[in-house]
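>>> I need the structure of the sequence given here:
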Amino acid sequence: MLEAFVKLYFNYIQRKPREKALKLAEKIGKVLYLLNYRKDVIHKNLDIAFPDKDYQWKEEIRKKSLINIGRVLVEFPKQPQYVKSGEIKNIFIITKGFEELKSYVGKGAIVVSGHISSWEMCGAGLSAYLGGMTSLAYRQKNQKINDLITKIRQESGIKIIFHDQPLKTFINALNKGEIISFLVDQNALRHRGYFVDFFGLKASTVNFPAKLAVKYNVPIFFAYTYFDENHSKYFCEIEKLEYNIGKDSEETAYNIVQAYTKKVEEAVRKHPDQYLWVHKRWKTRENENLEKIY
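This next block holds a predicted model:
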């Protein structure tokens, strides 16, 4: 039943002109706001990240961040159309760092990003400019919905590697000179992450991209996208990640994780209204005896 609804929704959005779809996105966000969708989680996160801001400011950020989710929901099904028509390069514009990243096509590199603005559009846009890209994805529990989502990503020019595939799948992609992208700003299980500083509080952060970069000596880039409401365009900034080499590979990987987490924080501070505040980012505590945040 659920997969039938998702398929119907995707078809409905795909037939809608982009201008009308974006207006629908705003309505979706406002409905989520009125329904108090994850209000407690959003405010807890904002209290941690922006303790000096008042309640009214946080409420405005809550509303806008939910509208941003609406944009993700309406743009995602349309991405294959944008790519096929070439419109993607009119609505997704890279303003910084593209040439350096492009120089690694055929050599292999890692791109990390966060859930800022439309992370799906970021993947589709980068893939369009690079002539293809590989991305890590987590499987949906519902196989039919997973297939629908994967199909859209693939038709957007993205090759998908699932998180439960063997390590050699990632190694083979790098050996083929592919650019592999990861989202690195969601709470990681204790055995999958390092605890690094994020808005002044330790957050368990996925370390696989960092370990991969260290072990196979490939460069790592940070990229993020933000939405310009005045022009209905997405702008993307890319930069090669700088980090300190540690005394061993473990310390170097830790330094990389802290470096890309800092970059996520800097981007969020610039565009707090476009961040995915509904996520329980600090769910895994550094010490199990610490009080639970959520």
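>>> remind me which residues of this protein are low pLDDT?
Across the chain, nothing is flagged by pLDDT under 70.
>>> tell me the strands in it, going along the chain?
Taking DSSP state E, the strands of the chain run over residues 92-96, 109-113, 133-137, 158-162, 179-183, 193-198, 201-206, 220-228, 233-240.
>>> and these, which is most packed in?
Among the strands of the chain, strand 109-113 has the highest mean neighbour count (mean count of other Cβ atoms under 10 Å), at a mean of 25. C-betas here are computed from N, CA, C, even on glycine.
>>> Just checking: what are the partner strands of that one?
Partners of strand 109-113 in the sheet, by DSSP bridges, are strand 179-183 (parallel), strand 220-228 (parallel).
>>> what's next to it, contact-wise?
By Cβ atoms under 8 Å, 6 or more residues apart in numbering, the residues outside strand 109-113 that reach it are 101, 119, 122, 126, 133, 179-184, 209, 212-213, 218-225, 238, 241, 260.
>>> Next, the angle strand 201-206 makes with it.
Interaxial angle, strand 109-113 versus strand 201-206 (axes from the mean of the first three to the mean of the last three Cα atoms, to 10 degrees): 140 degrees.
>>> report the angle between the axes of strand 109-113 and strand 133-137?
Using the same axes, to 10 degrees, the direction of strand 109-113 lies 50 degrees away from that of strand 133-137.
>>> Okay, angle between strand 109-113 and strand 233-240 too, please.
For strand 109-113 against strand 233-240, the angle by the same axes, to 10 degrees is 130 degrees.
>>> any idea how far strand 109-113 is from the chain center?
Distance of strand 109-113 from the chain centroid (Cα atoms, centre = their mean, to the nearest Å) equals 11 Å.
>>> again with stretch 196-204
Centre-to-centre, stretch 196-204 and its host chain are 18 Å apart (Cα atoms, centre = their mean).
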